[in-house]
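Colleague: Predicted model and sequence follow; I will ask about them next.
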Amino acid sequence: MPSASHPPGDPDRVWTVPNILSLARLLLSLGLFAVIESGWNGTALGLFVVAASTDWVDGWWARTFHQVSRLGRIFDPLVDKVLVCGTWMLLADRDGAAIAPWMAVVVVVRELLVTALRAELERSGHDFSAGFSGKLKMLLQCMAAAAELARRADLAALTGAGWLAGIDIGLIARLMAWAAVLVTLWSGAEYLVRAARAFRGGHTDRGSGLPPPAA
């Protein structure tokens, strides 16, 4: 139950459902990294899907039940970056993996750059919440990581679904990885343009409202 000092909709609330889900996603991410390093790819795939799914749930909950908070605006995108960047770095491999090391570098650099820009611009009152390209980037990055984990786990053997044997999951993972990198670059360029416009004294393309960023 919300306390009297922090009613629903109060941006200073800490223990909201979205923030608890973000904390759970962080803990799942740490467990996921250990599992990937151990080579338990089937378990890693399951953990990754669950962790990535909580991102959509906490965003939906915050908007639907008016539980947007100051902590959530910082914590949610931070945990997203821990999950995606950490997974891509651990899956990056030169020997047959869909995600090449340079792809992981592109993803990490973009996230660091946009995080720094967002912190500076929102500190000065500008809206720098995620746009369509940022949300699409997150989706494709998650799909690429999940496809690569499915390839390593041999999804057909893992699930016993014989029809999956005819699907080239490795090719799907490579296509998803390339698509994610291209959209990551597009998203980064778009955010740079928005930031430059704001630094010149203009405005970003959005209004003054500050919904919880998703990327």
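Modeller: Happy to help now that I have it. Just so it is clear, the structure is predicted and the values come from calculations on it, not from any experiment.

Colleague: Give me the helix or strand of the protein that scores worst on average pLDDT.
Modeller: Least confident helix or strand, the chain: helix 155-159 with a mean of 69, by mean pLDDT, DSSP states H and E.

Colleague: so residue 114 makes contact with residue 191?
Modeller: Yes: under the criterion of Cβ atoms under 8 Å, residue 114 makes contact with residue 191 at 5.0 Å. C-beta: built from backbone N, CA, C; applies to glycine.

Colleague: what about these two, which has more around it?
Modeller: The residue with more neighbours, out of residue 114 and residue 191, is residue 114; 26 against 23, by other Cβ atoms under 10 Å.

Colleague: Enumerate every residue touching the more buried one.
Modeller: By Cβ atoms under 8 Å, 6 or more residues apart in numbering, the contact set of residue 114 is 134, 187, 188, 191, 215.

Colleague: In helices, which of the residues you listed fall?
Modeller: Per DSSP state H, helices hold the following members of these: 134, 187, 188, 191.

Colleague: Could you work out the most separated pair of the residues you listed?
Modeller: 134 and 188 (9.3 Å; Cβ to Cβ).

Colleague: on that earlier part again, tell me, what's touching residue 114 and residue 191 both at once?
Modeller: In terms of Cβ under 8 Å, 6+ apart, residue 114 and residue 191 are both contacted by the residues residue 134.

Colleague: what's the helix or strand for the residue most central in space within the chain?
Modeller: Closest residue to the average C-alpha location of the chain: residue 80 at 3.8 Å, with Cα atoms, centre = their mean. In this structure, residue 80 sits in helix 70-91 according to DSSP states H and E.

Colleague: what about the helices in the protein?
Modeller: Assigned by DSSP H, the chain shows helices spanning 17-38, 41-64, 70-91, 101-123, 132-153, 155-159, 169-199.

Colleague: helices or strands next to the last one in the packing?
Modeller: In this case it means helix 169-199. helix 101-123, helix 132-153 (3 or more Cβ pairs under 8 Å, 6 or more residues apart in numbering; DSSP states H and E).
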